[in-house]
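Asks: sequence? don't have it. structure:
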């Protein structure tokens with residue numbers, strides 16, 4: 001059941017920890033990067049934007065979906081808040097894993113003017129240094145910093161109706177893949193717009209329901225508390241933490257398309273509940289094996305997509321135990337060519353990767 005609620009961001013309160021005790025604080029509202037929120041809009045007006053929230057346990061990992069084309073934007077798009085960038089963090093250990101990012105796989109909703117001239121820019125960022133808050137013992141783990149790769153895409157090509165089937169995953173490759181990454185990174189997008197002059201372009205990146213994020217909110221290091229910046233929103237020139245500063249605990253439906261080398265690595269590439277090690281063989285003929293591990297017992301789905309983002313095969317593995325798994329994917333019905341697969345856990349987390357079928 002869907003429930004529509006306007007979220008009062010300025011009232012968000014976060015739970016943090018010190019070395020001795022857990023304290024509740026709203027200090028982030030007064031941090032060095034204060035939010036400059038525009039008035040939230042209401043439903044019922046064409047090209048208006050809303051926030052959709054349903055925090056019942058049964059719905060925590062369901063996508064945000066609009067009830068009508070004009071009900072789009074949410075927080076993670078062209079909304080009344082004026083936010084202009086959104087990013088999700090991915091972690092790996094470069095000591096035993098090598099990663100290149102080829103592009104992004106994303107899922108948007110909303111409505112786009114067929115004559116739109118607006119663009120979004122998909123990006124990969126490095127992770128910045130720890131950032132202070134108003135407390136001398138509380139720090140952010142690091143926001144998006146240096147742009148490592150990017151590609152500009154018309155809003156008309158986001159998979160929102162028009163030339164593509166409505167609200168489908170879309171693939172966008174960078175002109176060249178990133179160099180081999182040496183540390184964790186963010187993937188996401190930015191866009192410039194005036195809410196007063198959207199001209200029919202009200203888009204929103206989909207996400208899990210509010211409350212759907214399962215990764216840790218913070219870690220404790222000696223006397224310090226380190227806020228985990230799992231995903232972030234760009235407000236003006238400042239990045240805000242979605243969980244603690246905006247009160248929105250979600251996972252974003254944007255995934256890096258990666259190639260993981262040394263697929264027998266110990267750590268792999270981690271996004272929330274799932275750690276991805278790659279697939280073998282690649283190129284494949286009639287079968288490939290996808291290797292991953294999960295930190296929490298969950299259902300895992302592997303979607304195989306063609307180069308247009310159309311799902312051509314889907315495999316579900318239910319009630320997997322904590323630990324490492326290898327799932328065989330039957331490819332006998334698929335012709336030779338380039339494909340993607342997206343590995344997702346219903347407890348949060350997902351990674352996409354390229355592979356080739358050569359028959």
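Replies: Ah, there it is. All figures in this text were calculated on a predicted structure; none of them were measured in a lab. Residues are numbered from 1 along each chain as shown.
Asks: Show me the strands in the stretch 51-200 of the chain, by range?
Replies: Secondary structure of the stretch 51-200 of the chain (DSSP state E, counting those that start in this stretch): strands at 72-73, 85-92, 98-106, 108-111, 119-127, 131-132, 138-140, 144-154, 170-173, 185-190.
Asks: Contact partners for the nearest residue to residue 158 once chain neighbours are set aside?
Replies: With C-beta to C-beta, 6 or more residues apart in numbering as the criterion, residue 158 has its nearest non-adjacent residue at 4.5 Å, and that residue is residue 108. Using the backbone N, CA and C atoms, a C-beta is placed for each residue, glycine as well. Residue 108 makes contact with 77, 158-160, 167, 170, 203-206, according to C-beta atoms under 8 Å, 6 or more residues apart in numbering.
Asks: From residue 186, how far out is residue 108?
Replies: Here the criterion is C-beta to C-beta, to the nearest Å. By it, residue 108 lies 18 Å from residue 186.
Asks: Just put the strands of the stretch 51-200 of the chain in CSV and tack on distance to residue 330.
Replies: Converted to CSV, those look like this (distance: least, C-beta to C-beta, whole Å):
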stretch, distance to residue 330
strand 72-73, 37
strand 85-92, 28
strand 98-106, 22
strand 108-111, 30
strand 119-127, 31
strand 131-132, 47
strand 138-140, 44
strand 144-154, 33
strand 170-173, 22
strand 185-190, 29
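Asks: Please name whichever of these is nearest to residue 328.
Replies: Residue 328 lies closest to strand 98-106 among the strands of the stretch 51-200 of the chain, at 22.2 Å (C-beta to C-beta).
Asks: tell me what that closest one is packed against?
Replies: The helices and strands touching strand 98-106, judged by 3 or more C-beta pairs under 8 Å, 6 or more residues apart in numbering; DSSP states H and E, are strand 119-127, strand 144-154, strand 170-173, strand 185-190, strand 254-261.
Asks: coming back round to it: tell me which of the strands of the stretch 51-200 of the chain sits most buried.
Replies: strand 72-73 (a mean of 28; mean count of other C-beta atoms under 10 Å).
Asks: for the chain, which spans come out with low pLDDT?
Replies: 1-75, 80, 93-97, 161-167, 209-222, 261-267 (pLDDT under 70).
Asks: what sits against the closest residue to residue 248 other than its chain neighbours?
Replies: Distance criterion C-beta to C-beta, 6+ apart; nearest residue to residue 248, sequence neighbours excluded, is residue 242 at 4.7 Å. With contacts defined as C-beta under 8 Å, 6+ apart, residue 242 is in contact with 75, 230-233, 248-250.
Asks: Of the residues you listed, just say which sits nearest to residue 270.
Replies: residue 230 (11.0 Å).
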